[in-house]
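Visitor: build the 3D model from these lines:
(one chain, ligands or ions: 2)
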Amino acid sequence: MKGLQRILISSCLVIILVVLSTGCGVGSLFAPKPYKETQFLMDTIIDITAYGQGNEAAVKAAFDEFRRINELTNRFDDNSQVTKINQAAGKAKVQVDADVITMLKLARSRSEQLGGALDVTIGALTELWGVGHKGEFVPSQPEIEAARLLVDYRLLEIDDKERTVFLPKAGMSIDLGAVAKSYANRRAIEVLKAKGIKSALVNAGGEVRVIGTRPDGQPWRVGVQDPRDMEGLAAKVALTEWDSLETSGDYQRFFIKDNVRYAHIIDPRTGTQPREVASVTIVSNSDSHADVLSTAMFVLGVEKGQELLKQYPGTEALFITNDGKKVVTPGLAGKIEF
Ligand code: AMP
Ligand code: MG
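Guide: Ligands and ions are numbered 1, 2, ... in the order given. This is a model prediction of the structure:
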């Protein structure tokens, strides 16, 4: 029952990114048939659409990859490797799969590049707030301060050779919520490509990646959710120069208490919710390895976010502020429809 409740709650709160496609006309009579499947995994709705021979088996294999990464990283699952690391905090190092090492190293390098706005050791804070789990719960300042002392990516010990991870303070914990979906999506795309798929779209709750173009040669076009109107789109982007688009927002998982919105993204430096922006969408190319930037950009806000984004050439952003302003980086100007 609890599981079902969680699924229902989460599916209502998930970002719905609309894929604007379906070409009509004479060509569509002979158009290849898509295979499309939707599953609820990693606390979100995952849609995979693929064209071409063997598409059904390829999509199923891509879902297996999502499931595998979820099993490694789900901190609500007692058997996941992340839970094992967290349970051993302050006590012992834990041996993990290479995927977990890769995710933690990616997160740590992002933390270094982005002044700690992203911090994969944020577990003590996300657990304290429990957005989406504890109802309308606002912790006290002393509770926030205490949790904040347990958040510091610089303390994370990763031994590449031994493939072990150690959290040196009891109570520290890893939260791969911002990283695992993106990593799993990248892996799922690799699986589809290895199965010979040349045209596909994977949408994992606002984390979108594509292969090639639509079968009619048109680019995949993706709608960006309006953060304050769940039925509306704030923008549309044609994925011509980019093959990935990820959005982080305060409308996916949140509660409102005394007219204040409390969302699931926490600033590790203050222990509270950043409020300048309502959502950030990042477009990039898989080759440029700019994954997992939107969460950090949400924390950094428009000015600092734009400045730090310059470290990732070819990667562009749309910030939608809390008061409805839309700010795009220069490389996206003119290439996005409002
Ligand atoms: P996303 O929706 O991809 O931006 O990921 C948000 C999730 O990442 C949250 O639900 C938390 O599990 C986790 N998280 C929240 N704040 C941070 C942060 N500052 N750094 C790293 N992970 C975070
Ligand atoms: Mg994300």
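Visitor: what about the closest residue to ligand 1 within the chain, which helix or strand?
Guide: Distances between the chain and ligand 1 by CB to the nearest ligand atom are smallest at G177, namely 2.2 Å. Bear in mind the C-beta positions are built from the backbone N, C-alpha and C, glycine included. Under the criterion DSSP states H and E, no helix or strand holds G177.
Visitor: the helices in this structure, which residues?
Guide: 2-13, 55-73, 81-87, 98-113, 123-129, 141-148, 180-194, 294-309 (DSSP state H).
Visitor: just the buried residues of the second one, please?
Guide: Neighbour-count burial for helix 55-73, counted by 16 or more other CB atoms under 10 Å, picks out N55, A58, V59, A61, A62, F63, E65, F66, I69, N70, L72, T73.
Visitor: same check, this time on stretch 326-336
Guide: Buried, per 16+ other CB under 10 Å, within stretch 326-336: V327, V328, T329, G331, L332, I336.
Visitor: one more: stretch 113-133?
Guide: 114, 116-129, 131-132.
Visitor: among the residues you listed, which are in reach of ligand 1?
Guide: L118, D119, V120, I122, T126 (CB under 6 Å from any ligand atom).
Visitor: against A263, how distant is the last one?
Guide: Counting by CB to CB, to the nearest Å, the gap between T126 and A263 amounts to 11 Å.
Visitor: leaving out chain neighbours, which residue sits closest to G305?
Guide: M297 (4.2 Å; CB to CB, 6 or more residues apart in numbering).
Visitor: likewise for D64?
Guide: V191 (7.8 Å).
Visitor: go on, N322?
Guide: A278 (5.2 Å).
Visitor: pretty sure that neighbour contacts K325?
Guide: No: using CB atoms under 8 Å, A278 is not in contact with K325, being 9.8 Å away.
Visitor: between those two, which has more neighbouring residues?
Guide: Neighbour comparison, A278 and K325: the larger count goes to A278, with 22 against 11 (by other CB atoms under 10 Å).
Visitor: show the pLDDT at the more buried one.
Guide: A278 is assigned a pLDDT of 98 by the prediction.
Visitor: now do A31
Guide: pLDDT, A31: 72.
Visitor: and if you look at C12?
Guide: The predicted structure lists C12 with a pLDDT of 38.
Visitor: show me the beta-bridge partners of V327.
Guide: F319 (DSSP bridges).
Visitor: isn't it up against F319?
Guide: Yes: look at V327 against F319 with CB under 8 Å: they come within range, at 4.5 Å.
Visitor: residues that sit against both of those two, list them.
Guide: Shared contacts of V327 and F319 (CB atoms under 8 Å, 6 or more residues apart in numbering): V302, Q306.
Visitor: related to what we said a few turns ago, just give me the neighbour total for the residue nearest to G305.
Guide: Neighbours of M297 (other CB under 10 Å): 27.
Visitor: give the contact list for it.
Guide: Per CB under 8 Å, 6+ apart, neighbours of M297: A117, S248, V277, V280, I282, G305, L309, A317, F319.
Visitor: how close does the third one sit to Y51?
Guide: The spacing between V277 and Y51, counted by CB to CB, is 35 Å.
Visitor: same question, the fourth one
Guide: V280 sits at a distance of 30 Å from Y51 (criterion: CB to CB).
Visitor: more neighbours: which of those two?
Guide: Neighbours of V280 and Y51, each counted by other CB under 10 Å, are more numerous for V280; the result is 29 against 21.
Visitor: give the closest residue to that one in space, chain neighbours not counted.
Guide: M297 (4.3 Å).
Visitor: what about the longest strand in this protein?
Guide: When the chain is parsed with DSSP state E, its longest strand is strand 229-238.
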